[in-house]
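Chemist: Below are the sequence and a predicted model for it; my questions follow.
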Amino acid sequence: MVVSLKENKWIVISLDLEHNHELSPPDESKHLRSHKHMTDDEKLFIRTFNSIKLATRKIMAILAYLRGGVSALPYNKKYVSNVRTAIRNECKQNDMTQVLEYFRKRKEEDPKFYYSFKLGSGNKVLSIFWADGNSRKMYDLYGDCVSFDTTYKTNRYNLPFAPFVGVTGHGNNCLFACAIIQDETTDTFKWLFRTFDDCMGHKAPLTIITDQCKSMSIAIPAVFPNTVHRFCFFHIRKKALEKCGRSFATKKDLHEDFSDILCNSLTTEEFEMLWQEMLERYDVGNLKYFKAMWTYRKLFVPVYFKKYFFPFIHSTARSEGTNSVFKDNVGSTYSVISFLGEYQRICESIEDREREQDSITRTTTPKYWVSSEIEFQAARMYNRQIFYKFQKQLVFSAKLHVDEIVKHQRYEVYKTKILAEKDFRSRRYVVLVNLSLEDFSYICCKFLKDGIVCSHILRVLVNLNISELPAKYFIDRWKPKERKTIRDKKYNVPMQLTEKDRHLRFNLLSNRLIDIASDGSISNERYLMVVEEAKKIEEKLDAMSLAEEQQELQREQGLDVGSTKNDVIDDGYGNILENPDVAKPRGWPTVAGRYKTIAEMFRTKQKITCSHCSSNEHNYRTCEFKHLDKSTFQRKL
């Protein structure tokens, strides 16, 4: 049937009553546009799931379960995705203005919340930085080591997301601060690090680990001159395996020797000597990437950083893990205000995990593997997660042998014969002992790097029949934190802030009472104690309320001292901010999928096409006609 609109009337031009195509099967009719239908209840479900950033595939699974299976759904995943997009587009308010309002609201609730904007012409936002009060307190406790990395496509402006990540007392990840930056230039990183330094009270980290970025290499020493900066070891080693893959594949034992030198060298002298020997032995001194690794060796090789505190890290994996948590529920089409909602949810989950770890350490009995006095001592001195890491060192020490070189002064520890066979080259670890000072010096320096003693010292202690480790080898960072210490850090708010703001007092009391309820519910005895104390507090509050009412009646004219108007936050940014421009991604241009290396093409048996002559037998590098321009080459054909 063909129709046409003429003079506001639809007129049938032609009509064919015979079917000229096959009818769709009944079980596929749901895919037709006319048959797609979503109930209002399902749209409300999607609105709820969208508010908590649930993935579309998970929403589809829930709706399919409610309908009785995927085959019963009269719509597909794309239809649900379009509904979510329509929900996000309902609010047409300026994104950056919403972000500013969100920050000001958080500032009212949390007086230690910190935020800063880098603005361009016309109040256009270039970069954003923020950190909540709890993150700043975590930095005060655990800010000695920072992992920093950037990633793209976490917002609709294609701006890099840059979290400052640390290691908690339980060995978990924690967020110190977050930023969305305009680009990855030196000036932008200088602004970011200066803002971070100002936020944290000019307390610079002792160590920081980043990826191999030249801009960061310039900005970090300029802002943190006394901070030890280290490149990500994992990425540099991975690039070596990719760029020098042919050499590793054709030269026997090169890969094992290469890994052993990088990972197991005990001194810088040993590393430099073995590296030069490796270049000569396998004739790989002409490889450009090996030359670059030698030039930057002091910025990533582990042996150069074994005396600096990098607890259980040698790569930016903690930052990448934090990025992946955000990317799981926030995509490149989301606004910054949506991203901030996900940030708040993740921060709350981190706090809950830390409280759970504290509760486990206080209320559960650890599992003992050796049942020695040192293990019992470590169980008292370490929180549970760090104790399990210490246990692995203790168990491994039983597989080591020890030779006494100088009695009560010098010992050498080495692996048993069976374990040593798996190593590319065997090594002996020197331990120096001073019993009068209870001092143990060791060549691997694990205590300086991770904050726990190594298996070599533990083996020497067993050989000397020393039943307990000196107390100085249990650092405060890994000890079980008393709840009082944590609460003092969490609720230490200046009186001049609380006396003027009733809403702030309510929030602080609510958070504190939630923690008390969590601790009080562990056992019935705690519960009964909290209930009795709560009754006493209620009686005192009732007496105070009655006294205040009597004083109010006696006054002829007075003010309601309980109601005070919050002061308007004047942060110097006004009320309207302009959204940032969409940034162009760095690197290769965007294509359908990513470019594959030649090695990947060979592994997947993908044909390589010459960009010059379009042959499938070779690439441009080996093309015999590449000296001819394309027009001349076409004429010859």
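Modeler: Sure thing, it's come through.

Chemist: and the gap between residue 273 and residue 526?
Modeler: 61 Å (Cβ to Cβ, to the nearest Å). Bear in mind the C-beta positions are built from the backbone N, C-alpha and C, glycine included.

Chemist: For my notes, confirm residue 179 occurs in a strand.
Modeler: Yes: under DSSP: H, G, I helix; E, B strand; the rest coil, residue 179 sits within a strand.

Chemist: So it is in contact with residue 127, correct?
Modeler: Yes: the pair residue 179 / residue 127 is scored as a contact, 6.6 Å apart, by Cβ atoms under 8 Å.

Chemist: On the three-state scheme, residue 219 is what?
Modeler: Here residue 219 is recorded as helix under three-state DSSP.

Chemist: How about the contacts made by the residue nearest to it when sequence neighbours are not counted?
Modeler: Ranked by Cβ to Cβ, 6 or more residues apart in numbering and with sequence neighbours excluded, the top spatial neighbour of residue 219 is residue 189, at 3.6 Å. Residue 189 makes contact with 181, 215-216, 218-220 under the criterion Cβ atoms under 8 Å, 6 or more residues apart in numbering.

Chemist: if we take those residues, which one ends up nearest to residue 613?
Modeler: Taking Cβ to Cβ as the measure, residue 613 lies nearest residue 215 of those, at 40.1 Å.

Chemist: quick one, what contacts that closest one?
Modeler: Contacts of residue 215 (Cβ under 8 Å, 6+ apart): 184-186, 188-189.

Chemist: Now do the helices in the stretch 101-250 of the chain.
Modeler: Counting by DSSP state H, counting those that start in this stretch, the segments of the stretch 101-250 of the chain that form helices are 133-142, 186-199, 214-223, 233-243, 245-250.

Chemist: Oh, that last question was meant for the stretch 351-500 of the chain, not what I typed.
Modeler: So, for the stretch 351-500 of the chain - with DSSP H, counting those that start in this stretch - the helices run 373-381, 384-397, 417-420, 446-450, 455-463, 483-491, 495-498.

Chemist: helices or strands next to the third one in the packing?
Modeler: Counting contacts by 3 or more Cβ pairs under 8 Å, 6 or more residues apart in numbering; DSSP states H and E, helix 417-420 packs against no other helix or strand.

Chemist: picking that back up, distance check, the residue nearest to residue 219 against residue 349.
Modeler: 29 Å.

Chemist: just residue 198 next, same as before
Modeler: On the measure of Cβ to Cβ, residue 198 and residue 349 end up 28 Å apart.

Chemist: ok, so what distance separates residue 151 from residue 65?
Modeler: Taking Cβ to Cβ as the measure, residue 151 falls 33 Å from residue 65.

Chemist: more crowded one of the two?
Modeler: Of the pair residue 151 and residue 65, residue 151 is the one with more neighbours under other Cβ atoms under 10 Å, namely 16 against 10.

Chemist: Test my guess that the more buried one contacts residue 158.
Modeler: No: look at residue 151 against residue 158 with Cβ under 8 Å: they stay out of range, at 11.3 Å.

Chemist: what residues are up against the residue nearest to residue 171 when sequence neighbours are not counted?
Modeler: In this structure, residue 171 finds its nearest non-sequential neighbour in residue 385, 4.9 Å apart by Cβ to Cβ, 6+ apart. For residue 385, the contact set (Cβ under 8 Å, 6+ apart) comprises 170-172, 357.

Chemist: Could you do residue 254 as well?
Modeler: Neighbouring residues of residue 254 by Cβ under 8 Å, 6+ apart: 247-248, 278, 282, 284.

Chemist: Need the phi and psi values for residue 168.
Modeler: phi -80, psi 180 (degrees, to the nearest 10).

Chemist: Residue 439: neighbour count?
Modeler: For residue 439, the neighbour count with other Cβ under 10 Å is 12.

Chemist: Quick check: chain neighbours aside, which residue is closest to it?
Modeler: Distances taken as Cβ to Cβ, 6+ apart place residue 433 nearest to residue 439, at 7.6 Å, with adjacent residues excluded.

Chemist: Make sure that neighbour is actually in contact with residue 461.
Modeler: No: judged on Cβ under 8 Å, residue 433 makes no contact with residue 461 at a distance of 9.4 Å.

Chemist: more neighbours, the two?
Modeler: residue 433 (24 against 21).

Chemist: In the sheet, which residues pair with the more buried one? Tell me.
Modeler: Beta bridges link residue 433 to residue 440, judged by DSSP bridges.

Chemist: so which strand or helix has residue 63?
Modeler: Per DSSP states H and E, residue 63 falls inside helix 56-67.

Chemist: same for the next helix-or-strand element following that helix, what does it pack against?
Modeler: For helix 56-67, the following helix or strand on the C-terminal side (DSSP H and E) is helix 77-88. Helix 77-88 sits against helix 40-51, helix 56-67, with contacts defined as 3+ Cβ pairs under 8 Å, 6+ apart.

Chemist: residues making contact with the last one?
Modeler: Contacting residues not belonging to helix 56-67 are listed as 42, 45-46, 49, 70, 72-73, 77, 80-81, 84 [Cβ under 8 Å, 6+ apart].

Chemist: What distance do you get for residue 106 to residue 75?
Modeler: Per Cβ to Cβ, residue 106 is found 38 Å from residue 75.

Chemist: Equivalent analysis for residue 554, please.
Modeler: Separation of residue 554 from residue 75 (Cβ to Cβ): 69 Å.

Chemist: and these two? which has more neighbours close in?
Modeler: Legend: neighbour count by other Cβ under 10 Å for residue 554 and residue 75, higher for residue 75 (19 against 8).

Chemist: Tell me how many other residues surround the nearest residue to that one once chain neighbours are set aside.
Modeler: Counting by Cβ to Cβ, 6+ apart, residue 36 is the residue found nearest to residue 75 once chain neighbours are left out, at 4.9 Å. Here the count is done by other Cβ under 10 Å, and residue 36 has 13 residues near it.

Chemist: Kindly confirm whether my reading is correct that residue 36 touches residue 74.
Modeler: Yes: checked against Cβ under 8 Å, the pair residue 36 and residue 74 is within contact range at 5.7 Å.

Chemist: quick revisit: now for the helices of the stretch 101-250 of the chain, which one comes closest to residue 390?
Modeler: Closest to residue 390 of those is helix 133-142 (Cβ to Cβ; 18.4 Å).

Chemist: tell me which residues of that closest one are tucked away?
Modeler: Buried residues in helix 133-142, defined by neighbour count with 16 or more other Cβ atoms under 10 Å: 133-139, 141-142.

Chemist: what's the closest of those residues to residue 481?
Modeler: residue 141 (8.3 Å).

Chemist: Can you give me the distance of that closest one to residue 134?
Modeler: 11 Å.

Chemist: quick one, phi/psi of residue 39?
Modeler: Main-chain torsions, residue 39, degrees, to the nearest 10: phi -70, psi 160.

Chemist: Quick check: it vs residue 46, distance?
Modeler: 11 Å.

Chemist: ok, these two, which is more surrounded?
Modeler: residue 46 (22 against 10).

Chemist: Cross-check the contact I'm expecting between that one and residue 82.
Modeler: No: here residue 46 does not reach residue 82: they are 10.5 Å apart, not a contact under Cβ under 8 Å.

Chemist: who does the helix or strand hosting residue 533 touch, helix- and strand-wise?
Modeler: If you go by DSSP H and E, residue 533 is part of helix 524-554. Helix 524-554 sits against helix 502-520, with contacts defined as 3+ Cβ pairs under 8 Å, 6+ apart.

Chemist: Tell me how far the helix it packs on lies from the chain's centre.
Modeler: Taking Cα atoms, centre = their mean, to the nearest Å, one finds helix 502-520 lying 28 Å from the centre of the chain it belongs to.

Chemist: hang on, the earlier thing: narrow the contacts of helix 56-67 to those that are buried.
Modeler: The neighbour-count test (16+ other Cβ under 10 Å) applied to these identifies 42, 45-46, 49, 73, 80-81, 84 as buried.

Chemist: ok, those vs residue 417, which is closest?
Modeler: residue 49 (59.2 Å).

Chemist: got any ranges where the stretch 201-350 of the chain has weak pLDDT?
Modeler: Residues of the stretch 201-350 of the chain meeting the criterion pLDDT under 70: 328-333.
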